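# Sharing a model that was predicted from the sequence below.
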Amino acid sequence: MARQKEYNTARRIAVPGANTNLAYDLPMEEEQRREQQLQKVVRRRLRPRQTVPLGFLAAGLILMALLLGVLIAEIQLREVSAQTSALRAQVAELQSEQDALTAEYETALNLTDVEDRAINELGMSKPASEQIQYIDTVTEDKTEILSDNQGSWLGNFFRGIWKAIVGAF
């Protein structure tokens, strides 16, 4: 308290014309301290908010879009893989069915079976040697290609244009 009195007295002396009553000096110092503390609090409260730069925000959105795209592509890949495996199973089943049908077809075209059916069921017989005749041809085969001089009207039209162009040079 004694120090404060000395301070107030020193203040009173240092500032000529100031209020010399010690009762007025003490509250002014406290008021100044309170005002400084209030200014510190106000400064703390009035600090600007930290904002995220637009570049970081845009990069974050692009990254999220890319990740979403990768996720969708992964889902589609899994769906296509499931379809592929189902189709491969179906191909294997159809291949085994084709093998069974090919074997059945080959047994159906057995020549001895065909000959037996022709003789027994249809009443056919093998030809005798006197029924077989061989023909010898002495002349050669001939082919004649006819040329169509008239042709189509469209072909004649283009030939006429070509002849006119060649004739001009």
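Looks like it came in fine.

# Phi, psi for residue 141 please.
Note on residue 141: backbone dihedrals following degrees, to the nearest 10 are phi -80, psi 150.

# And the residue nearest the centre of the chain, how close does it get to residue 127?
Nearest to the mean C-alpha position of the chain, counting by C-alpha atoms, centre = their mean, stands residue 73 at 6.4 Å. Using C-beta to C-beta, to the nearest Å, residue 73 is found at 72 Å from residue 127. All C-beta spots, glycine's among them, are computed from the backbone N, C-alpha and C.

# Please apply the same query to residue 142.
32 Å.

# Kindly report the same for residue 165.
From residue 165 to residue 127 the distance is 67 Å (C-beta to C-beta).

# cool, and residue 38?
Separation of residue 38 from residue 127 (C-beta to C-beta) stands at 131 Å.

# hmm, back to that, the residue nearest to the centre of the chain: what secondary structure?
helix (DSSP: H, G, I helix; E, B strand; the rest coil).

# pLDDT wise, what is it at?
Looking at residue 73, its pLDDT is 95.

# Tell me the first helix or strand C-terminal of the strand or helix carrying residue 102.
Element membership of residue 102 [criterion: DSSP states H and E] is helix 54-108. Moving toward the C-terminus from helix 54-108, the next helix or strand (DSSP H and E) is helix 111-120.

# following that following helix, which helix or strand shows up next?
helix 153-168.

# Comparing residue 142 and residue 127, which residue is more hemmed in?
Taking neighbours as other C-beta atoms under 10 Å, residue 142 and residue 127 compare with residue 127 leading, 8 against 5.

# residues in contact with that one?
Applying C-beta atoms under 8 Å, 6 or more residues apart in numbering to residue 127 gives no contacts.

# quick one, phi psi at it?
In terms of degrees, to the nearest 10, the main-chain angles of residue 127 are phi -70, psi 140.
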